[in-house]
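> okay, predicted coordinates and the sequence, questions at the end:
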Amino acid sequence: QEGKHGVEGSATLFYMVHCGKALYNNLLWRNWSAGALSKMVIIGNSFKGIEERLLSRILERDYSYIAKVLKGTEEVALPAHPRYLDTFNDTSVHWFPLQKLKELSPEIWDFVEEPTYQDCDDLEIIRKEDSTDQHSPA
């Protein structure tokens, strides 16, 4: 499902350590409303870290849902373990307080187009192939 899981009205914890940016972006897209996002908690790669490491034009073009929700996100970094500094050094807990989401510009909720990643150079997910693209063995 490439990260496209909905909260379906229930409080939901997503454990997404070491996932690619597109999976987070797809998850946000699938739950793109203040009501749904406010029911989510994500344990995974730091959104602040993603923002710091990517050029803003790339973040907005390829991962627009992450870019749009940054100001509506609370994030706390998990403490780093000295033995695994290179492995889990970017893990954070993210949640989306309803009040913060309501303070975002109303226009950000209008655009709900499914992400396609057409121009994305560093796509970190394996995408489903269309059944018409699959070939049977010879």
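Noted; the coordinates are in hand. Numbers count the residues shown, from 1 in each chain.

> end to end, how far does stretch 11-26 reach?
With C-alpha to C-alpha, to the nearest Å applied, stretch 11-26 spans 18 Å between its terminal residues.

> mind listing what the most centrally placed residue in the chain touches?
A centroid search over the chain (C-alpha atoms, centre = their mean) returns Tyr24, at 1.9 Å, as the residue closest to the centre. For Tyr24, the set of contacting residues under the criterion of C-beta atoms under 8 Å, 6 or more residues apart in numbering consists of Gly3, Met16, Ile42, Gly44, Asn45, Phe47, Ile50, Tyr63, Ile66. The way it works is simple: take the backbone N, C-alpha and C, and place the C-beta from them, glycine included.

> which element is the last one on?
Using DSSP states H and E, the secondary-structure element containing Ile66 is helix 64-69.

> quick one: mean pLDDT for that helix?
Helix 64-69 comes out with an average pLDDT of 97.

> repeat that for stretch 12-29.
Averaged across stretch 12-29, the pLDDT comes to 93.

> now the end-to-end length of it.
Taking C-alpha to C-alpha, stretch 12-29 runs 15 Å from one end to the other.

> what do you get for stretch 35-50?
Distance between the boundary residues of stretch 35-50 (C-alpha to C-alpha) amounts to 24 Å.

> please enumerate residues in contact with that stretch?
Counting by C-beta under 8 Å, 6+ apart, the neighbours of stretch 35-50 from elsewhere in the structure are 6-7, 9-19, 21, 24, 27-28, 31, 59, 63, 66, 69-70, 72-73, 75, 77-78, 90-98, 101.

> many thanks, we can stop here.
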